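Peer 1: A structural model of the following input is requested.
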Amino acid sequence: MSKIEKRLLILWFALAFVVWNGVYDMRMHDTVRGYLLETAEASAGLGRGVEIRTYLHRGFVDALAFSTAWSLGVFLAGLATMQTYRRFHAADLKVRPTNAGRSLSSGADVGRSFSSGD
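Peer 2: Below you'll find the predicted structure:
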């Protein structure tokens, strides 16, 4: 594995971790907000209330599953990107393009120097 591939792997792993953390945080935030809403409704006499342990456990499992699925998807997309890079980069190393057609000029002044003494 080349240096670039190692850096890409670290970058994709870090991105997957950030995604996992963000999705987990959002799902747990929604769970706690839902629990507080249920508790407020129960104290106002509009609902029957819920037990905190059961409600948060269900939210925890949900957050864990969703965050793992999303981060795994991001990481697998990164691995697919790296595989594509590896395949096309290896082909690029075998056949290097020449500089023909890359200059801005028409090619008429390729051998000329910039000095005025021509």
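Peer 1: Could you list the low-pLDDT ranges of the chain?
Peer 2: The model of the chain has pLDDT under 70 over residues 90-118.
Peer 1: At which residues are the helices of it located?
Peer 2: Applying DSSP state H to the chain gives helices spanning 3-43, 52-94.
Peer 1: Using CSV, lay out the ones you listed together with mean neighbour count.
Peer 2: No exception for glycine: its C-beta is placed from N, CA and C like everyone else's. Converted to CSV, these look like this (neighbours: other CB atoms under 10 Å):
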stretch, mean neighbour count
helix 3-43, 14
helix 52-94, 14
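Peer 1: residue contacts, Leu72?
Peer 2: Neighbour list for Leu72: Ala16 [criterion: CB atoms under 8 Å, 6 or more residues apart in numbering].
Peer 1: Distance of it relative to Phe17?
Peer 2: For Leu72, the distance to Phe17 equals 12 Å [CB to CB, to the nearest Å].
Peer 1: do Arg7 as well
Peer 2: As judged by CB to CB, Arg7 and Phe17 stand 16 Å apart.
Peer 1: Thr39 is in contact with Val50, isn't it?
Peer 2: Yes. With contact defined as CB atoms under 8 Å, Thr39 reaches Val50; the gap is 7.3 Å.
Peer 1: my read: Thr31 touches Gly59, true?
Peer 2: Yes. Taking CB under 8 Å as the definition, Thr31 is a contact partner of Gly59 at 2.7 Å.
Peer 1: Output stretch 21-36 in CSV with nothing but the alpha carbons.
Peer 2: Extracted in CSV, the C-alpha atoms of stretch 21-36 (Å, rounded to 0.1, in the frame of the first residue of the first chain):
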residue,chain,number,x,y,z
ASN,A,21,-20.6,10.2,16.0
GLY,A,22,-22.9,12.6,14.4
VAL,A,23,-25.7,10.1,13.6
TYR,A,24,-25.5,8.6,17.0
ASP,A,25,-25.7,12.0,18.7
MET,A,26,-28.7,13.0,16.5
ARG,A,27,-30.6,9.8,17.3
MET,A,28,-29.9,10.0,21.0
HIS,A,29,-31.0,13.6,21.0
ASP,A,30,-34.3,12.6,19.4
THR,A,31,-34.7,9.8,22.0
VAL,A,32,-34.1,12.1,24.9
ARG,A,33,-36.4,14.7,23.5
GLY,A,34,-39.1,12.1,22.9
TYR,A,35,-38.8,10.9,26.5
LEU,A,36,-39.1,14.4,27.8
